[in-house]
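[1] sequence? don't have it. structure:
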């Protein structure tokens, strides 16, 4: 009986470790006015690698980040970018490397590089 109990505990611990190495979930992107944004690009920023495009938001402002094995060093943040019909750029970011999904990211207008105000 002790061996069976020990085996079950071992399997649970292995499962928890594997689950900790996979993360994913729903991201909802909201514009500055609080409405969902369709067509926003959602990317993951890694500590030791370039950002990877994970998806584009649907009409309800939702994108799914698939569960996948985290690269060495893990991912640093979720980055969202969007260009409105007038050509203005908007960005938003979540810096939590262990986010609790689902999360919402609010966009703000990106200032041009020449605007020092």
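    Done, it's in. Worth saying up front: this structure is predicted, and the values here are computed from it rather than measured.
[2] can you give me the strands for the chain?
    22-30, 41-46, 49-56, 62-69, 75-83, 89-94, 103-106, 108-109 (DSSP state E).
[3] Throw these into CSV and include mean neighbour count and mean pLDDT, thanks.
    C-beta: built from backbone N, CA, C; applies to glycine. Shown next, in CSV, are the strands of the chain (neighbours: other C-beta atoms under 10 Å; pLDDT from 0 to 100):
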stretch, mean neighbour count, mean pLDDT
strand 22-30, 17, 81
strand 41-46, 19, 84
strand 49-56, 13, 76
strand 62-69, 15, 76
strand 75-83, 19, 85
strand 89-94, 17, 92
strand 103-106, 17, 93
strand 108-109, 12, 92
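[4] what are the bridge partners for the closest residue in space to residue 94 that isn't next to it in sequence, then?
    In space, and not counting its chain neighbours, residue 94 is closest to residue 78: 4.4 Å by C-beta to C-beta, 6 or more residues apart in numbering. On the basis of DSSP bridges, residue 78 is bridged to residue 44, residue 94.
[5] I figured residue 78 was touching residue 28, is that so?
    No - judged on C-beta atoms under 8 Å, residue 78 makes no contact with residue 28 at a distance of 11.3 Å.
[6] Identify the contacts common to those two.
    103, 105 (C-beta atoms under 8 Å, 6 or more residues apart in numbering).
[7] hang on, the earlier thing: tell me the contacts of the residue nearest to residue 94?
    27, 42, 43, 44, 45, 65, 93, 94, 99, 103, 105.
[8] do you know how far the closest residue to residue 40 other than its chain neighbours is from residue 100?
    Spatially, and ignoring its direct neighbours in sequence, residue 40 is nearest to residue 82 (3.9 Å; C-beta to C-beta, 6+ apart). Using C-beta to C-beta, to the nearest Å, residue 82 is found at 23 Å from residue 100.
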